[in-house]
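Chemist: I'd like to go over a predicted model; first the sequence, then the structure.
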Amino acid sequence: MKGNIEERACEVAAYIIETKATVRAAAKKFGISKSTVHKDLSERLRFYNQALYAAVKEVLDENKAERHLRGGMATRRKYKGE
């Protein structure tokens with residue numbers, strides 16, 4: 001997924017908005033690092049597409065607010081043997 005940074009940022013943002021995916025899941029899907037996804041969405045996208053930036057920011061903020069819950073559920077599954 002190398003090449004045009006603007007295009008990559010828009011594609012990743014659209015994927016996250018559609019699927020409510022996390023940064024980690026989007027990075028895995030597009031074959032890039034979590035750092036690159038985060039930088040594309042939080043810094044670069046703001047200059048390319050304001051509307052897309054606002055929409056993806058809402059999803060990222062929601063994911064951040066739920067992060068502690070996901071971690072707790074993962075630990076629970078780990079020790080229950082699921």
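Modeler: Thanks, I have the structure now.

Chemist: buried sites along the worst-scoring helix or strand of the chain on mean pLDDT?
Modeler: Within the chain, no helix or strand scores below helix 50-80, which has a mean of 87 by mean pLDDT, DSSP states H and E. In terms of neighbour count (16 or more other C-beta atoms under 10 Å), helix 50-80 has its buried residues at 52-53, 56, 59-60, 63. Where C-beta positions appear, they are placed from N, C-alpha and C, glycine not excepted.

Chemist: tell me who's in contact with the residue nearest the centre of the chain.
Modeler: Against the mean C-alpha coordinate of the chain, by C-alpha atoms, centre = their mean, the closest residue is residue 23 at 2.7 Å. Residues near residue 23 by C-beta atoms under 8 Å, 6 or more residues apart in numbering: 16, 34, 37-38, 41, 60, 63.

Chemist: in TSV: those, plus secondary structure and distance to residue 7.
Modeler: What follows is those, written out as TSV (DSSP: H, G, I helix; E, B strand; the rest coil; distance: C-beta to C-beta, whole Å):
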residue	secondary structure	distance to residue 7
16	helix	15
34	helix	19
37	helix	14
38	helix	18
41	helix	14
60	helix	20
63	helix	23
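
Chemist: buried ones from these, can you make that a PyMOL selection?
Modeler: With 16+ other C-beta under 10 Å as the criterion, this PyMOL line picks the buried residues out of the contacts of residue 23:
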select buried, resi 16+37+41+60+63
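
Chemist: quick one: which of the contacts of residue 23 has the lowest pLDDT value?
Modeler: Sorting those by pLDDT puts residue 63 at the bottom of the list (87).
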